[in-house]
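Visitor: The following block contains a protein sequence and its predicted model.
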Amino acid sequence: YDLVIASQEAMASYSDAFQGRPALFEEVELGVFYEQFKQAKSIQARLRYGLTWLKYRHYLGRLLRRFHACTVVSEREKQMLASVAPNDADIRVIPNCIRLADYQVQVEPQPNTLIFTGPFHYHANYDAMQWFLSEVYPRVQAQMPEIRLTITGDHANRPLPPASNLTLTGFVDDVRPLIAQAWISLAPLRIGGGTRVKILEAMALGTPVVATAKGAEGLDVRPGEQLLIADTPEAFAQSIIRLCQEPGLRQKLTNQAYQVAAAQYDWAATMPRFLDLVEQVGQGKN
């Protein structure tokens, strides 16, 4: 082979088998380990996750020496990786994207409906819904008893706080019509790294998003222009209520979000950059 592309850390760990061939480490992610350390509450947890973070930094630093270039999904991830990578590491930002042409779904959105997409085997999704259902949803229902929430994805039989007007779909073959039909898409994530494809999908489908700062992290979006951002239960609840009650705001957010998705997060616009990098690495020009 002329080039090896190792997708994420699990595949990059096989670099000893590449036999010196040009290699590209695609989508390096280290935010999860850093966030575990940063958010640890007890002394024991800080020591445990601090040691894990230290070991992972050293491991990545050694691993990256075996690759000619690597990619990350955001400028924030690039800055974090640059702090642990060799000084001569070639780090490129290739954002998570979607194929915008696949998201032309003609469905009428239903007022007072919310959706969260994502399987619970990814702990950040499960944590997000635990927090939302226990802290945010009751505040919304107190002012809007008719509000309804749909959660898609494999829920892995993990328990959730009790809630009314809640539908758990489990795995669905095509989540796009459900997102397009919802009045608001939620991204109340509090942990994790990378960027959220669920937000990009909502932007492409014309469904406005309410997210935490962590949920929207790494995306080139601005609060109040392409989505609403709130980090406290009260602020998150009020953002949902406001979007339900202000159709003009909803239309503004969806219009501007679609423009950003088309300009920056459509594979048609971004894939040539990745293919250029593949050519550079394969020909030893990076």
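Guide: That came through fine.

Visitor: next helix or strand past the lowest-mean-pLDDT helix or strand in the chain?
Guide: Least confident helix or strand, the chain: helix 31-38 with a mean of 80, by mean pLDDT, DSSP states H and E. The helix or strand immediately downstream of helix 31-38 is helix 43-64, counting by DSSP states H and E.

Visitor: any weak-confidence spans in this structure?
Guide: Within the chain, the segments meeting pLDDT under 70 span 286.

Visitor: ok, which stretches of the protein are helices?
Guide: Using DSSP state H, the helices of the chain run over 8-12, 31-38, 43-64, 75-82, 123-131, 137-143, 176-181, 197-205, 233-245, 247-264, 267-282.

Visitor: Of the ones you listed, which stretch is the most buried?
Guide: The highest mean neighbour count among the helices of the chain, using mean count of other CB atoms under 10 Å, belongs to helix 197-205: a mean of 25. Bear in mind the C-beta positions are built from the backbone N, C-alpha and C, glycine included.

Visitor: before we move on, back to that, which other helices and strands contact the least confident helix or strand of the chain?
Guide: Helices and strands touching helix 31-38, by 3 or more CB pairs under 8 Å, 6 or more residues apart in numbering; DSSP states H and E, are helix 43-64, helix 75-82.

Visitor: who touches the nearest residue to V107 once chain neighbours are set aside in this structure?
Guide: If the residues on either side of it in the chain are set aside, V107 comes closest to A180, at 4.1 Å by CB to CB, 6 or more residues apart in numbering. Shown in contact with A180 (CB atoms under 8 Å, 6 or more residues apart in numbering): 105, 107, 109, 205-207.

Visitor: Alpha carbons of the least confident helix or strand of the chain, in PDB - could you do that?
Guide: The C-alpha coordinates for helix 31-38 follow below in PDB (Å, rounded to 0.1, in the frame of the first residue of the first chain):
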ATOM      1  CA  GLY A  31     -11.100  15.700  25.100                       C
ATOM      2  CA  VAL A  32     -12.800  12.800  26.900                       C
ATOM      3  CA  PHE A  33      -9.700  12.100  29.100                       C
ATOM      4  CA  TYR A  34      -9.100  15.800  29.800                       C
ATOM      5  CA  GLU A  35     -12.800  16.400  30.700                       C
ATOM      6  CA  GLN A  36     -12.700  13.400  33.100                       C
ATOM      7  CA  PHE A  37      -9.800  15.000  34.900                       C
ATOM      8  CA  LYS A  38     -11.100  18.500  34.800                       C
END
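
Visitor: any idea how far that helix is from the chain center?
Guide: Taking CA atoms, centre = their mean, to the nearest Å, the mean C-alpha location of helix 31-38 is offset from the chain mean by 15 Å.

Visitor: Likewise for stretch 90-100?
Guide: 12 Å.

Visitor: now swap in stretch 172-189 and tell me
Guide: Its chain's C-alpha centre and that of stretch 172-189 lie 14 Å apart, by CA atoms, centre = their mean.

Visitor: list the contacts for R66?
Guide: Counted by CB under 8 Å, 6+ apart, R66 has contacts 15-16, 18, 23.

Visitor: out of those residues, which are buried?
Guide: Buried residues within the contacts of R66, counting neighbours by 16 or more other CB atoms under 10 Å: 15, 18, 23.

Visitor: Which single one of the contacts of A180 is nearest to S164?
Guide: Nearest to S164, judged by CB to CB, of the contacts of A180 is P109 at 21.7 Å.

Visitor: So that closest one sits against L205, correct?
Guide: No - P109 lies out of contact with L205 (CB atoms under 8 Å); the separation is 9.3 Å.

Visitor: and the gap between the most centrally placed residue in the chain and L30?
Guide: The C-alpha lying nearest the average C-alpha coordinate of the chain belongs to R196 (CA atoms, centre = their mean; 1.6 Å). Look at R196 and L30: by CB to CB, to the nearest Å, they are 17 Å apart.
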